[in-house]
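Novice: Return atomic coordinates for the entry below.
(one chain, ligands or ions: 1)
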Amino acid sequence: MDVGFIGLGLMGRPMALNLIKAGHRVHVWSRRRESMQPLLDAGAGDCASAAEVARHASVTIGMVSDAPDVEQVTLGTDGVADGAGAGHIHIDMSTIAPAAAQSIAARLAERGIVALDAPVSGGESGAIAGTLTIMVGGDADACARVLPLLEAMGKSITRIGEAGAGQVAKACNQIITGVGVASVAEALNFAARSGADGAKVREALLGGFAYSRILENHGQRMLERNFRPGFKAWMHQKDLRIVMDEAHRLGVALPAAAAAAQLFNGMMGCGMGEDDSVAMLKLFERMSGGAGE
Ligand code: NAP
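Specialist: Residues are numbered from 1 along each chain as shown. Purely as a prediction, here's the structure:
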């Protein structure tokens, strides 16, 4: 089927490529030409705006940064709403606040567009492998209609509930991964400062109750000092800001997530925003008197 893709960064690029591999005709637009080029090389249709993408396809997918960007590419000038026909479905797969997703869905509905929020977990490697976990909020029929597209990008697809519910699940995911990456960095820095071999510590812990994908994948990257993104630290800081804002609004205590959020703030202050979130290790090293390079 004809499908549009808007936002071709670390995640969007491989997700759109997987749609092409699955046999869909993909029409693309991203702000920078260089982001679009790999898709154009793979045969995607070349569009000059999000509106033009929507004119070519009855379903569009957005994978941009934060809520203002989602607003811009959907409801802004030359956004999806300017090009979409009746019954158009827009799937936003970016991570944004649940309340923002609900508000955007309501305003798109006024323009005759069905919006789904479908944020993902699994990182760049999951996007490349087509094994993302996808958490969907919005109309059940629309979700069923776009399932073949979601299946081309992910292997675990769960409709959580109505508009915004996918983003609630993603916020929960970011609490667990944010605290997780901080705890793995803390433990590996502690091991190093205690004179232990971090690789051996990680190997031993992987066999016990401390096992986690974060210890396995992120722990390995910390040991290799591979801080290339991946998932940029500023994005994780953004996600924990969403989580803390929601907690404030709801009156919910999130002490562990709050500590992780402060650590991400510290990474920003140390100029690590464009590093992968595993660069959290460097922050712990600096807080313990090391160079943290
Ligand atoms: P990224 O590499 O920075 O890519 C973002 C893309 O969005 C870029 O192509 C950018 O265009 C485009 N964009 C941003 N704002 C825009 C705007 N206002 N108008 C038009 N295009 C805009 O980020 P990413 O890592 O792919 O992340 C995308 C989303 O997925 C974020 O919400 C993030 O939280 C979420 N996410 C990321 C990961 C991960 O591991 N990276 C995992 C799960 C979820 P240009 O190319 O022109 O700059």
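
Novice: For the lengthiest helix in the chain, list every residue counted as buried.
Specialist: Counting residues, the longest helix in the chain under DSSP state H turns out to be helix 165-193. Judged by neighbour count (16 or more other CB atoms under 10 Å), helix 165-193 contains these buried residues: 165-171, 173-175, 177-189, 191-192. Using the backbone N, CA and C atoms, a C-beta is placed for each residue, glycine as well.

Novice: and what of stretch 8-24?
Specialist: So stretch 8-24, judged by 16+ other CB under 10 Å, has buried residues 8-20, 22, 24.

Novice: so which of these are also by the ligand?
Specialist: Filtering these for proximity to the ligand by CB under 6 Å from any ligand atom leaves 8-12.

Novice: Quick check: of those, which lies closest to residue 126?
Specialist: Distance to residue 126 across these (CB to CB) is lowest for residue 11, with 9.0 Å.

Novice: coming back round to it: so which of the buried residues of stretch 8-24 sit within strands?
Specialist: Judged by DSSP state E, strands contain none of the buried residues of stretch 8-24.

Novice: Go through the ones next to the ligand among the buried residues of stretch 8-24 and name the one nearest the ligand.
Specialist: Of all these, the one with the least separation from the ligand (CB to the nearest ligand atom) is residue 9, at 1.8 Å.

Novice: Give me the nearest residue to the closest one, chain neighbours excluded.
Specialist: Sequence neighbours aside, residue 35 is the residue nearest to residue 9 in space, at 6.4 Å (criterion: CB to CB, 6 or more residues apart in numbering).

Novice: do residue 5 as well
Specialist: Spatially, and ignoring its direct neighbours in sequence, residue 5 is nearest to residue 16 (4.1 Å; CB to CB, 6+ apart).

Novice: got the residues of the stretch 51-200 of the chain near the ligand?
Specialist: For the stretch 51-200 of the chain, the residues in contact with the ligand (CB under 6 Å from any ligand atom) are 63-65, 69, 72-73, 94-95, 120-121, 123-124.

Novice: can you rerun that using 5 Å?
Specialist: Neighbours of the ligand within the stretch 51-200 of the chain, by CB under 5 Å from any ligand atom: 64-65, 69, 72, 94-95, 123.

Novice: Turn those residues into JSON lines, columns for distance to residue 152.
Specialist: Compiled in JSON lines, these are given as follows (distance: CB to CB, whole Å):
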{"residue": "64", "distance to residue 152": "20"}
{"residue": "65", "distance to residue 152": "23"}
{"residue": "69", "distance to residue 152": "23"}
{"residue": "72", "distance to residue 152": "26"}
{"residue": "94", "distance to residue 152": "18"}
{"residue": "95", "distance to residue 152": "20"}
{"residue": "123", "distance to residue 152": "18"}
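
Novice: as a whole number, average confidence for stretch 34-53?
Specialist: Regarding stretch 34-53, the rounded mean pLDDT is 96.

Novice: same check, this time on stretch 280-289
Specialist: Mean predicted confidence for stretch 280-289 is 97.

Novice: Surely residue 191 is in contact with residue 203?
Specialist: No. The pair residue 191 / residue 203 is not scored as a contact, 11.4 Å apart, by CB atoms under 8 Å.

Novice: for the residue nearest to residue 46 when sequence neighbours are not counted, phi and psi?
Specialist: Sequence neighbours aside, residue 40 is the residue nearest to residue 46 in space, at 5.5 Å (criterion: CB to CB, 6+ apart). Backbone geometry at residue 40, expressed as degrees, to the nearest 10, gives phi -60, psi -40.

Novice: same deal with residue 248?
Specialist: For residue 248, the backbone dihedrals (degrees, to the nearest 10) come out as phi -60, psi -50.

Novice: Run a quick neighbour tally on it.
Specialist: Using other CB atoms under 10 Å, residue 248 has 10 other residues around it.

Novice: likewise residue 34?
Specialist: Count around residue 34 with other CB under 10 Å applied: 9.

Novice: how much space between it and residue 4?
Specialist: Residue 34 sits 19 Å away from residue 4, going by CB to CB, to the nearest Å.

Novice: Residue 141 is in what secondary structure piece?
Specialist: Secondary structure from DSSP states H and E places residue 141 in helix 140-145.

Novice: contacting residues around that helix?
Specialist: For helix 140-145, contacts defined as CB atoms under 8 Å, 6 or more residues apart in numbering pick out 89, 114, 116, 136, 159.

Novice: and if we set it to 10 Å?
Specialist: Identification of contacts with helix 140-145 by CB atoms under 10 Å, 6 or more residues apart in numbering yields 1, 58-59, 87, 89-91, 114-116, 118, 136-137, 139, 150, 157-159, 161-162, 166.
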